[in-house]
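Engineer: Give the three-dimensional model of this entry:
(one chain, ligands or ions: 1)
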Amino acid sequence: MTLEGKVAIVTGSSRGIGKAIAKAFAVEGAKVLINYASNDEAAKKIKEELVSMGCTVEIFKASVEKESEVKALFEQVDTLFGRIDILVNNAGITRDALILRMTESQWDEVIDVNLKAAFLCSKEAAKRMIKQKSGRIINISSVIGQIGNPGQANYSASKSGLFGLTKSLAKELGSRGILVNSIAPGYIVTDMTSGLSDEIRNKLLSSIALGRLGTPEDVAEVALWLANSANYVTGQIISVNGGMF
Ligand code: NAP
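Structural biologist: Here you go, the predicted structure:
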């Protein structure tokens, strides 16, 4: 098991891509703290599933855009596992609207959860990883941060912002043995994309070289590579989009 002895926090990992990443890490022997914002049932279910497979996982509810809750999340990992080797900044939301209709709160909510939270969590992780002289931070961005999308100016800006955060932290923390990378998934089958109409889905499919939407596991296997090997990769954006961009 390649992550034996390692400890990971995956934000927003009660469902979707985060859940697949938490599972991939736990199955490889990592102790994983599963974070979520509100859905207690989903979090309990993934914990039960992984514990029944012999994995070591715990759940912790925290809204990662709030500094006090992020501090509590990291205090919990200190108490439970005594270290942190891998942070995946995965929690994300959409609040879509065309620019003329987009409200200030739609803008702020998306920037806070998708970008500010990654800053807050990376800061807490870096404090601990610098002492350990090792660590991996993986920011889950999006193809929309690379190409833009009508109706998603807030989401696209937050995801492009993660690229700047990734590249700056890679330069700032590289000398301390901490590698920071970003994954830019294309369209992945999760609750976030379940509302796509057939028309949009078919249009999308025609723009994807592999002719299918991605699965959470497609993203998780790249996260696993960045977490447990990829020793000379930092400050990079890894596209996982089936050849869409
Ligand atoms: P999802 O199925 O909607 O799941 C979102 C997860 O984030 C849930 O576990 C949710 O917990 C948690 N969450 C939401 N707000 C949070 C907060 N404030 N604090 C802590 N946790 C919070 O999303 P997904 O599709 O798996 O997306 C995961 C990430 O990949 C996001 O950053 C998304 O932008 C990115 N991404 C997704 C796609 C795609 O096509 N799906 C493509 C590119 C990038 P609760 O259930 O408790 O609310």
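Engineer: Quick one: name the residues of this structure near the ligand.
Structural biologist: By Cβ under 6 Å from any ligand atom, the residues of the chain that approach the ligand are 11-18, 35-39, 42, 63-65, 90-93, 113, 140, 142, 185, 187-188, 190-193. Any C-beta I mention is one placed from the backbone N, CA and C, and that applies to glycine too.
Engineer: Show me which of these are buried.
Structural biologist: 11-18, 35-37, 42, 63-65, 90-93, 113, 140, 142, 185, 187-188, 190, 192-193 (16 or more other Cβ atoms under 10 Å).
Engineer: rewinding a little: now, the residues of the chain next to the ligand that are in strands?
Structural biologist: Counting by DSSP state E, the part of the residues of the chain next to the ligand found in strands is 35, 36, 140, 185.
Engineer: Now pLDDT too, for those residues, in TSV please.
Structural biologist: Converted to TSV, these look like this (pLDDT from 0 to 100):
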residue	pLDDT
35	98
36	98
140	99
185	98
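Engineer: where do the helices sit along this protein?
Structural biologist: Assigned by DSSP state H, the chain shows helices spanning 16-27, 40-52, 67-81, 104-111, 117-132, 143-147, 153-173, 198-206, 216-228.
Engineer: Kindly report which one of those helices carries the lowest mean pLDDT.
Structural biologist: Per-segment confidence across those bottoms out at helix 198-206, which has a mean of 94 in mean pLDDT.
Engineer: Now for the residue nearest the centre of the chain: which residues touch it?
Structural biologist: When the chain is reduced to its mean C-alpha position, the closest residue under Cα atoms, centre = their mean turns out to be residue 90, at 1.8 Å. Under the criterion of Cβ atoms under 8 Å, 6 or more residues apart in numbering, the contact partners of residue 90 comprise 10, 11, 12, 13, 17, 18, 21, 140.
Engineer: and which of the residues you listed is nearest residue 208?
Structural biologist: For residue 208, the nearest member of those is residue 17. The distance, counting by Cβ to Cβ, is 17.0 Å.
Engineer: pretty sure that closest one contacts residue 218?
Structural biologist: No. In this structure residue 17 lies outside contact range of residue 218 using Cβ atoms under 8 Å: 9.2 Å.
Engineer: list the residues that contact both of the two?
Structural biologist: Overlap between the contact sets of residue 17 and residue 218, as judged by Cβ under 8 Å, 6+ apart, is given by 185, 188.
Engineer: Give the closest residue to residue 165 in space, chain neighbours not counted.
Structural biologist: For residue 165, ignoring the flanking residues on the chain, the nearest one in space by Cβ to Cβ, 6 or more residues apart in numbering is residue 118 at 5.9 Å.
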